[in-house]
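*Asks:* sequence isn't available, so here's the structure alone:
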């Protein structure tokens, strides 16, 4: 069945460091891929998405590219800020209403 | 209006109580969801309503009873819960479609504690 595998956390970085959070997926066909972010005490917010191979989603300096050949959707940011501290979830969706979430990666950025 | 509103934000209940969680959206979305999230874990799908009809029930115990009175409202009725049911309950909505690219809009959740 469909699934998402995310890198284990927690991740701690200094401000302005480069961020990569790995995400790979298992699915038939061409699912849509998403990154969601969750700040403490809040629900999840969509960060970015990509709906087909080679698409690049981007938002707030974050980027992820849909790689069909490696079944990956890694999240990157060139220079993290303290305000980026949160939990990041990779997710996939096929047609229909079933979303599959990864286990989440906690990011802490220190000044 | 691009919000999903959940009430209450916090709820403490005993194992014999009956309570309800409420969720509302006015984005015209026809799919609505209940998720349960334990600390440091991903959201777990509980129920999906599509066009006000229950379309997915992920084998949730009957002490959780969902209800979709209309296309904007989603309730979760709680009865005889157990302490292990303590969690953040998240409501979400999305446009109903077959393209697969529809995103979820989440509410900020109800933090439930069962004593």
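*Replies:* All right, it came through fine. Everything numeric in this text was worked out from a predicted model, so none of it was measured.

*Asks:* could you pull out the strands for chain B?
*Replies:* Ranges of strands in chain B, per DSSP state E, are B:4-7, B:10-13, B:18-25, B:31-37, B:44-50, B:53-57, B:64-70, B:73-79, B:87-94, B:105-106, B:110-114.

*Asks:* I'd like those laid out as JSON lines, including mean pLDDT and distance to residue A:61.
*Replies:* Any C-beta I mention is one placed from the backbone N, CA and C, and that applies to glycine too. Formatted as JSON lines, the strands of chain B follow (pLDDT from 0 to 100; distance: least, Cβ to Cβ, whole Å):
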{"stretch": "strand B:4-7", "mean pLDDT": "96", "distance to residue A:61": "26"}
{"stretch": "strand B:10-13", "mean pLDDT": "96", "distance to residue A:61": "33"}
{"stretch": "strand B:18-25", "mean pLDDT": "97", "distance to residue A:61": "29"}
{"stretch": "strand B:31-37", "mean pLDDT": "94", "distance to residue A:61": "26"}
{"stretch": "strand B:44-50", "mean pLDDT": "93", "distance to residue A:61": "30"}
{"stretch": "strand B:53-57", "mean pLDDT": "91", "distance to residue A:61": "35"}
{"stretch": "strand B:64-70", "mean pLDDT": "96", "distance to residue A:61": "38"}
{"stretch": "strand B:73-79", "mean pLDDT": "97", "distance to residue A:61": "34"}
{"stretch": "strand B:87-94", "mean pLDDT": "95", "distance to residue A:61": "25"}
{"stretch": "strand B:105-106", "mean pLDDT": "93", "distance to residue A:61": "22"}
{"stretch": "strand B:110-114", "mean pLDDT": "96", "distance to residue A:61": "30"}
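
*Asks:* nearest to residue A:51, out of those strands?
*Replies:* Closest approach to residue A:51 among the strands of chain B (Cβ to Cβ): strand B:87-94, 13.8 Å.

*Asks:* still on that earlier bit, can you list the strands of chain B in JSON lines and add distance to chain A?
*Replies:* Output for those, formatted as JSON lines (distance: least, Cβ to the nearest Cβ, whole Å):
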{"stretch": "strand B:4-7", "distance to chain A": "8"}
{"stretch": "strand B:10-13", "distance to chain A": "10"}
{"stretch": "strand B:18-25", "distance to chain A": "11"}
{"stretch": "strand B:31-37", "distance to chain A": "5"}
{"stretch": "strand B:44-50", "distance to chain A": "5"}
{"stretch": "strand B:53-57", "distance to chain A": "7"}
{"stretch": "strand B:64-70", "distance to chain A": "13"}
{"stretch": "strand B:73-79", "distance to chain A": "13"}
{"stretch": "strand B:87-94", "distance to chain A": "5"}
{"stretch": "strand B:105-106", "distance to chain A": "3"}
{"stretch": "strand B:110-114", "distance to chain A": "8"}
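
*Asks:* and of the ones you listed, who's closest to residue A:84?
*Replies:* strand B:105-106 (18.7 Å).

*Asks:* mind listing what the closest one pairs with, with the direction of each?
*Replies:* Counting by DSSP bridges, the strands paired with strand B:105-106 are strand B:87-94 (antiparallel).
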